[in-house]
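*Asks:* Got a predicted model here, sequence first, then my questions.
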Amino acid sequence: MALERRARAAWLLAAPLIALALLLVVLPFAWRSGSALWQCSVEPGCADLLSPYYTDALMNTVALSAASVLLALPLAVLAGMALLKRPGLAAFTQWLANQGANFAGVPLALAMTLLFGVQGLVTQSLGWSPVSIQGWSGLLVAYLCFQWPLAVVLLLPAMSLLDANLPEAAATLGASPWRYWRLVGLPLLAPSLVEVGVLLFANAAAAYATPFALAGGSAQVLSVRLSSLVSGDLFADPRLPALLALELFLLLALAMAVGRGWRRRLEASC
Amino acid sequence: MLKPVRPGPGIVALALLGLVTVLPPLAVALYGLSERWDRSLWPEGATLAWLQQVLRDERVLSAAARTTALTLAQAVLTCTLGALATVSAYLYAPRLSALLNLLAQVPFAIPAVVVATTALEWFVGHWGGWLDARVLYVLLLVPLHFPLVHRGLAAALQRLDAQVLLEAGRTLGASEWRTIRGVLLPLLRPALVAAFLLALSAGALEFAIANLLLGGTHELLQPLMNSLRASSGHHAAALIMLSLSLIGLLTAVVQRLTRP
């Protein structure tokens, strides 16, 4: 009886938070997506809304996010391996990586201009700029600047939980450090790698501040296309932003679902 | 003869990570502290003038005051509502815990830019803006920053074995509230403070909703930095340097509080 009363009190205490999440985030989004889909089912021409311009933005978002994960994750593992051998550096590196993960958006856009702009440090040193700050390469370098530190922040706790005696045991048996990581360390770390990979992908696909600050409204990624449709003076068909928002949601939800299934399979096989 | 030692790929990755994390903020700091950086490879003339001008600028000061107020309000609200939900669910309602775990996933599937555009269309467009945009901004950030509170507190409750603590209190004849107030809350204090500081720094760095919903009418620091960047890069750099120093300090405190 007392337990039931306490459970009821717990639901009551959580009610304001649940109400805010449902009323301000979940329900308006669901309603907006549902009504756009319903309108599309009764009015023709919905498919034309998603012109190649917006399909390109989706493909760009996927490619950019995937490329940043594929680069950031192995680099973070390598940095983590080095840190495991130097535990004295771990706390400072984690603080530094936290700063790097936060250094996105407007500050990062300014830094990119100072380094890779026409009069930037790197451009002047080399005599040419290796990246175009408003193009795909600039976006990838910028994403890497916060994705790599974020990967280190997220992976380091999992890496430090690996049994410290395992590398020694492997070395005693004659295995090189690389063989140890390939056959023991990385397979043990695989579920965490999948989880962190999905988080990084979602972080990149949802990024708005960095592409907007770097390339303004012309950035060809889904989040900026979506915001331009809503904040622009010329308000296009209202179904279009709703469909783009739904597209972004489906992309992120799909990534999370695939990641969860993959992680479960890896955990079951461990 | 000694063979030269070649650094392994791990140490090279660590050094590059240092470069990637240090070089961008260093470039911004140098720009904010120099008279000019457009004639040669290196910045010229050290100066604090940009910093002083930024600290005296009315537009910056009012944006800073507004950002501080809204960021504090959302951090207090997120922490209070989030902690009430997470702690009570962990102690008394496992099904509620499952729901909260799901709610903590929501911001990853419905990101800030989607929330901002939906809110613009819904609460400003359809409902004619009866809700003050600043209040709406604070309320929108609560569910978006809830995962920061939930993750840290749930881990701390698990580490403390909170249910066993309550059980021990009951065995000793203490009332439920007395055990929570006298034992559990003091033990949870570092996790609570860390959650508050995390919500605070996430609020200070928030750009999408601040830019799309509040825009130029109630300008916050992040959008202001963006517009300053176009008109005066040195001022933008000085402002970025100031705000990032504060956030760096906050992160150091969070790291110290959450150290296992």
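*Replies:* Here it is on my side, so go on.
*Asks:* need the strands for chain A, in chain order.
*Replies:* With DSSP state E applied, chain A shows no strands anywhere along its length.
*Asks:* which regions of it sit below the pLDDT cut-off?
*Replies:* Screening chain A residue by residue with the criterion pLDDT under 70, one finds the ranges A:1, A:232-236, A:270.
*Asks:* Report the central residue of it.
*Replies:* Of all residues in chain A, the one closest to the mean position by Cα atoms, centre = their mean is residue A:203, 2.1 Å from it.
*Asks:* so what's it up against?
*Replies:* Each residue near residue A:203 by Cβ atoms under 8 Å, 6 or more residues apart in numbering or on different chains is listed here: A:147, A:150. All C-beta atoms are positioned from the backbone trio N, CA, C, and that covers glycine.
*Asks:* same thing but 10 Å
*Replies:* Applying Cβ atoms under 10 Å, 6 or more residues apart in numbering or on different chains, we find residue A:203 in contact with A:65, A:68-69, A:72, A:101, A:104, A:143, A:146-147, A:150-151, A:154, A:252, B:108, B:111.
*Asks:* I'd like to know which of those residues are buried.
*Replies:* Buried residues within those, defined by neighbour count using 16 or more other Cβ atoms under 10 Å in any protein chain shown: A:65, A:68-69, A:72, A:101, A:104, A:143, A:146-147, A:150-151, A:154, A:252, B:108, B:111.
*Asks:* And the residues you listed, which is closest to residue B:34?
*Replies:* Using Cβ to Cβ, residue A:104 is the member of the buried ones among the contacts of residue A:203 that sits closest to residue B:34, with 23.7 Å.
*Asks:* contacting residues around the closest one?
*Replies:* Residue A:104 sits in contact with A:142-143, A:145-147, A:149-150, A:203, A:207, A:209-210, A:213, B:24, B:205, B:207, where contact means Cβ under 10 Å, 6+ apart.
*Asks:* and stretch A:39-56, how far out from the chain's middle?
*Replies:* How far stretch A:39-56 lies from its chain's middle: 27 Å, per Cα atoms, centre = their mean, to the nearest Å.
*Asks:* what about that stretch, how long is it end to end?
*Replies:* Stretch A:39-56 has an end-to-end distance of 24 Å (criterion: Cα to Cα, to the nearest Å).
*Asks:* quick one: is that stretch near chain B?
*Replies:* No. Legend: contact between stretch A:39-56 and chain B by Cβ under 10 Å from any Cβ of the partner chain is lacking; minimum distance shown is 13.9 Å.
*Asks:* Please work out which residues outside that stretch touch it.
*Replies:* With Cβ under 10 Å, 6+ apart as the contact definition, stretch A:39-56 has outside contacts at A:36-37, A:57-59, A:220-222, A:225-226, A:229, A:236-240, A:242-244, A:247.
*Asks:* how about 7 Å then?
*Replies:* A:220, A:225, A:237, A:239-240, A:243-244 (Cβ atoms under 7 Å, 6 or more residues apart in numbering or on different chains).
*Asks:* among the residues you listed, who's most crowded?
*Replies:* Within those, residue A:244 tops the neighbour count with 27 neighbours, counted by other Cβ atoms under 10 Å in any protein chain shown.
*Asks:* burial count for the residue lying closest to it once chain neighbours are set aside?
*Replies:* Once flanking residues are discounted, residue A:244 sits nearest to residue A:226: 4.5 Å by Cβ to Cβ, 6 or more residues apart in numbering or on different chains. The burial count assigned to residue A:226 is 27, neighbours taken as other Cβ under 10 Å.
*Asks:* Touching, residue A:226 and residue B:113? I think so.
*Replies:* Yes. Counting by Cβ atoms under 7 Å, a contact exists between residue A:226 and residue B:113, whose distance comes to 6.1 Å.
*Asks:* Which two among the contacts of stretch A:39-56 are spaced furthest apart?
*Replies:* If you compare every pair in the contacts of stretch A:39-56 using Cβ to Cβ, the most distant one turns out to be A:220 and A:239, at 20.9 Å.
*Asks:* quick one: buried residues of the biggest helix by length in chain A?
*Replies:* Once chain A is assigned using DSSP state H, the helix that runs over the most residues is helix A:52-85. Judged by neighbour count (16+ other Cβ under 10 Å), helix A:52-85 contains these buried residues: A:54, A:57-58, A:60-62, A:64-69, A:71-73, A:75-84.
*Asks:* Surely residue B:15 is within a helix?
*Replies:* Yes. Assessed with DSSP: H, G, I helix; E, B strand; the rest coil, residue B:15 lies in a helix.
*Asks:* Return the distance of it relative to residue B:21.
*Replies:* 11 Å (Cβ to Cβ, to the nearest Å).
*Asks:* Quick one: residues contacting the residue in the stretch 101-250 of chain B that chain A sits nearest to.
*Replies:* For the stretch 101-250 of chain B, the nearest residue to chain A under the criterion Cβ to the nearest Cβ is residue B:111, separated by 3.3 Å. Neighbour list for residue B:111: A:206, A:248, A:252 [criterion: Cβ under 7 Å, 6+ apart].
*Asks:* of all the residues you listed, which comes closest to chain B?
*Replies:* residue A:206 (3.3 Å).
*Asks:* now the helices for the chain?
*Replies:* No chain was given, so I picked chain A. Under DSSP H, chain A gives helices at A:2-20, A:27-42, A:46-49, A:52-85, A:90-102, A:105-116, A:121-126, A:136-160, A:165-172, A:177-180, A:186-206, A:209-215, A:222-231, A:239-269.
*Asks:* sorry, should have said chain B
*Replies:* With DSSP H applied, chain B shows helices at B:9-32, B:49-56, B:58-92, B:94-103, B:106-109, B:112-119, B:133-160, B:162-171, B:176-179, B:185-205, B:208-209, B:221-231, B:233-257, listed in chain order.
*Asks:* ranking these by burial, who's on top?
*Replies:* The densest packing among the helices of chain B, expressed as mean neighbour count by mean count of other Cβ atoms under 10 Å in any protein chain shown, is seen in helix B:112-119 with a mean of 26.
*Asks:* For the stretch 151-260 of chain B, what lies in contact range of chain A?
*Replies:* B:205, B:207-208, B:212, B:222, B:225-226, B:229, B:233, B:236-237, B:240, B:244, B:247-248, B:251-252, B:255 (Cβ under 7 Å from any Cβ of the partner chain).
*Asks:* how does it look with 6 Å?
*Replies:* Residues of the stretch 151-260 of chain B lying close to chain A by Cβ under 6 Å from any Cβ of the partner chain are B:207-208, B:212, B:225-226, B:229, B:240, B:248, B:251-252, B:255.
*Asks:* contacts for stretch B:236-247?
*Replies:* With contacts defined as Cβ atoms under 6 Å, 6 or more residues apart in numbering or on different chains, stretch B:236-247 is touched by A:107, B:28-29, B:31-32, B:50-51, B:54, B:201, B:225, B:228-229.
*Asks:* sorry, that was for stretch A:3-16
*Replies:* For stretch A:3-16, contacts defined as Cβ under 6 Å, 6+ apart pick out B:81, B:84-85, B:88-89, B:92-93, B:96.
*Asks:* Would you mind listing what in the stretch 1-150 of chain A touches chain B?
*Replies:* Contacts of the stretch 1-150 of chain A with chain B, taken as Cβ under 6 Å from any Cβ, map to A:6-7, A:10-11, A:13-14, A:16-17, A:20-21, A:24-25, A:28-29, A:32, A:75, A:78-79, A:81-82, A:95-96, A:98-100, A:103, A:105-107, A:110-111, A:114-115, A:119, A:124, A:145, A:148-149.
*Asks:* Mind giving me the ChimeraX command for buried ones among those residues?
*Replies:* This is how ChimeraX selects the buried members of these, with burial counted by 16+ other Cβ under 10 Å:
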select /A:7,10,11,13,14,17,20,21,24,25,28,29,32,75,78,79,81,82,95,96,98,99,100,103,105,106,107,110,111,114,115,124,145,148,149
